[in-house]
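A.B. asks: curious how this folds, go ahead:
(chains A, B, C and D)
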Protein chains: 2
Amino acid sequence: MTDKLVLNTNAYLPLRDVVFHTLREAILKGELKPGERLMELQLASRLGVSRTPIREAIRMLELEGLAVTMPRKGAEVAKMTEKDMEDVLKIRKALDELAVGLACDNMTEEELKQLYVALKNFEESIRSGDVKQIAQADVEFHDSIYQAADNPKLVTMLNNLREQMYRYRVEYLKNESIYPRLIEEHQGIYDGLKRKDKEAVVEIVSHHVENQEIVVKNIIQEQE
Amino acid sequence: MTDKLVLNTNAYLPLRDVVFHTLREAILKGELKPGERLMELQLASRLGVSRTPIREAIRMLELEGLAVTMPRKGAEVAKMTEKDMEDVLKIRKALDELAVGLACDNMTEEELKQLYVALKNFEESIRSGDVKQIAQADVEFHDSIYQAADNPKLVTMLNNLREQMYRYRVEYLKNESIYPRLIEEHQGIYDGLKRKDKEAVVEIVSHHVENQEIVVKNIIQEQE
DNA sequence: CTCCTGTATTTTGTATACATTCTCATTAAT
DNA sequence: ATTAATGAGAATGTATACAAAATACAGGAG
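C.D. replies: You can find the predicted model right below:
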């Protein structure tokens, strides 16, 4: 493997955090592949730091479910089976429904406006056809909702769950046939939130995640 | 503060894990109080290890939400406001409903029998009046359900959420007036699972968590 | 040829040393 | 008296050294 791993040394953060973010990115982008060993000395020399921040970063990755460590054998990038993915998506569905329900209760006029902007940005990104841009606009749309849910712990958990699927999300969004449905669903969520029709938004979000589940599962099966 | 912190040195585990469990216990039992600083050198000398395993344990506590660290200022035991508690309980409610719904789909005859045993143990523990025993029996009852949900990630998350409230749970269970309702609800959950009546069990669990929320919130308010 | 074993190497686990930052009290100036 | 400057001490951040375990590999026995 060539040396794609480089730190953002600019930020004034403890190295453990910089290493943590660097490794997380690398894992989520697939630069570090599932099952690949995370060897402290190797990573330390590649990133130009000592083992100490590497070890602490690995402990954090472990708790986030992105790495698995066996005592005295070391850590490796967590593998994700289809079953794991199903499990995650079930949780995500439940929490997404909760989040949008809470957002429906709490959303202010301003937050609604912001969501509208995010909605339009998403539609615009779809027209651009740039997958990376679409992914980002999608994240922003959902983040607007999460923010309105006014439950930081929930936001953290949802972001974590989203990350766990990041590897598949890019593939997922390359599939142009889903774009019309995505737009429609986002539009529906926005409308529902505007009308404060909790039942409706929860229903749409439910389908939204289910559709994702179906497509992502297809992707995984193809990969095997 | 007297020296209650001692390691279970017996187990053959990396020290970071032993330290992690020791500190977690201490936090959940209230021996380390919210806001109390977690100083590496102090903890290291109290536990008779070096700073390295302490630091790694703190990183793990941080990701579990039991500690908060500010860069270059150190870590302290996480505080929990009433709002935080509400937030956690909302999440827990959603995930508990999910878990019992999944359990309803998946539960085997044997698992149902095991749940019955847990149910009876719980009733027995109530008669004994020993709060510690009640807490344990309650955990076992819910664990039986979680297990049947067949979703390890979900189980991990629920256990984590449960832990976050542990400090208040003991107080909660000292309140004898809730015992009849607890028994009734547990009975109802068991019956529902036996009949595979998903709607009913989700409904009961929903109330189950809501009741808990009310009482726990009272406890917090009293403490202030 | 296969399997076992012992040794060398690698890797993780733990402790410690050094560097940097922060805290806090003391002191001086206004 | 209050506030700002300063310096000692303490705490965290990082690197490195040493210990112990796991792994890989070579050589020999069967």
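A.B. asks: from here on, contacts and neighbour counts on C-alpha atoms
C.D. replies: Fine.
A.B. asks: what lies in contact with the lowest-mean-pLDDT helix or strand in chain A?
C.D. replies: Counting by mean pLDDT, DSSP states H and E, chain A has its least confident helix or strand at helix A:166-174, which shows a mean of 81. Residues external to helix A:166-174 that are found in contact with it (C-alpha atoms under 8 Å, 6 or more residues apart in numbering or on different chains): A:28-30, A:131-132, A:134-135, A:212, A:215-216, A:219-220.
A.B. asks: burial measure for the nearest residue to residue A:115 once chain neighbours are set aside, as a count.
C.D. replies: Excluding its sequence neighbours, the residue lying closest to residue A:115 (C-alpha to C-alpha, 6 or more residues apart in numbering or on different chains) is residue A:144, at 5.7 Å. Counted by other C-alpha atoms under 10 Å in any protein chain shown, the residues lying close to residue A:144 total 21.
A.B. asks: tell me which other helices or strands the helix or strand where residue A:144 lies touches.
C.D. replies: Element membership of residue A:144, judged by DSSP states H and E, is helix A:131-149. Under the contact criterion of 3 or more C-alpha pairs under 8 Å, 6 or more residues apart in numbering or on different chains; DSSP states H and E, helix A:131-149 touches helix A:82-106, helix A:109-128, helix A:166-174.
A.B. asks: roughly how far is the next helix or strand after it from the heart of the chain?
C.D. replies: Per DSSP H and E, the first helix or strand lying C-terminal to helix A:131-149 is helix A:152-164. Between the centre of helix A:152-164 and the centre of its chain there are 8 Å (C-alpha atoms, centre = their mean, to the nearest Å).
A.B. asks: just the angle between helix A:152-164 and helix A:82-106, please?
C.D. replies: Calculated by axes from the mean of the first three to the mean of the last three C-alpha atoms, to 10 degrees, helix A:152-164 forms an angle of 140 degrees with helix A:82-106.
A.B. asks: does any part of helix A:152-164 sit near chain B?
C.D. replies: Yes. If you take C-alpha under 8 Å from any C-alpha of the partner chain as the test, helix A:152-164 does meet chain B, through A:152-154.
A.B. asks: save those as a markdown table, and put in pLDDT and neighbour count too.
C.D. replies: Formatted as a markdown table, these follow (pLDDT from 0 to 100; neighbours: other C-alpha atoms under 10 Å in any protein chain shown):
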| residue | pLDDT | neighbour count |
| --- | --- | --- |
| A:152 | 96 | 15 |
| A:153 | 95 | 14 |
| A:154 | 98 | 21 |
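A.B. asks: near DNA strand C, which residues of chain A?
C.D. replies: Proximity of chain A to DNA strand C, by C-alpha under 7 Å from any atom of the strand, involves residues A:37-42, A:52, A:70-75.
A.B. asks: residue farthest from the centroid of chain A?
C.D. replies: Most distant from the centre of chain A: residue A:72, at 30.5 Å, with distances by C-alpha atoms, centre = their mean.
A.B. asks: does that residue count as helix, strand or coil?
C.D. replies: Classification of residue A:72 by DSSP: H, G, I helix; E, B strand; the rest coil places it in coil.
A.B. asks: give me phi/psi at it?
C.D. replies: When read as degrees, to the nearest 10, the backbone of residue A:72 gives phi 70, psi 10.
A.B. asks: and what of the one 5 residues further on?
C.D. replies: Taking degrees, to the nearest 10, you get phi -60, psi 130 for the backbone angles of residue A:77.
A.B. asks: how about it, what does it touch?
C.D. replies: By C-alpha under 8 Å, 6+ apart, residue A:77 lies in contact with A:27, A:32-38, A:66-68.
A.B. asks: from those, which land in helices?
C.D. replies: residue A:27 (DSSP state H).
A.B. asks: please indicate which of the contacts of residue A:77 are buried?
C.D. replies: A:27, A:32, A:34, A:37-38, A:66-68 (16 or more other C-alpha atoms under 10 Å in any protein chain shown).
A.B. asks: out of those, which touch DNA strand D?
C.D. replies: Within these, nothing lies near DNA strand D by C-alpha under 7 Å from any atom of the strand.
A.B. asks: between these, which is nearest DNA strand C?
C.D. replies: Distance to DNA strand C across these (C-alpha to the nearest atom of the strand) is lowest for residue A:38, with 5.7 Å.
A.B. asks: residue A:95 reaches residue B:91, doesn't it?
C.D. replies: Yes. Contact criterion C-alpha atoms under 8 Å: residue A:95 and residue B:91 qualify, at 7.2 Å.
A.B. asks: who are the neighbours in contact with the closest residue to residue A:155 other than its chain neighbours?
C.D. replies: Sequence neighbours aside, residue A:146 is the residue nearest to residue A:155 in space, at 5.9 Å (criterion: C-alpha to C-alpha, 6+ apart). Residues in contact with residue A:146 (C-alpha under 8 Å, 6+ apart) are A:99-100, A:103, A:155.
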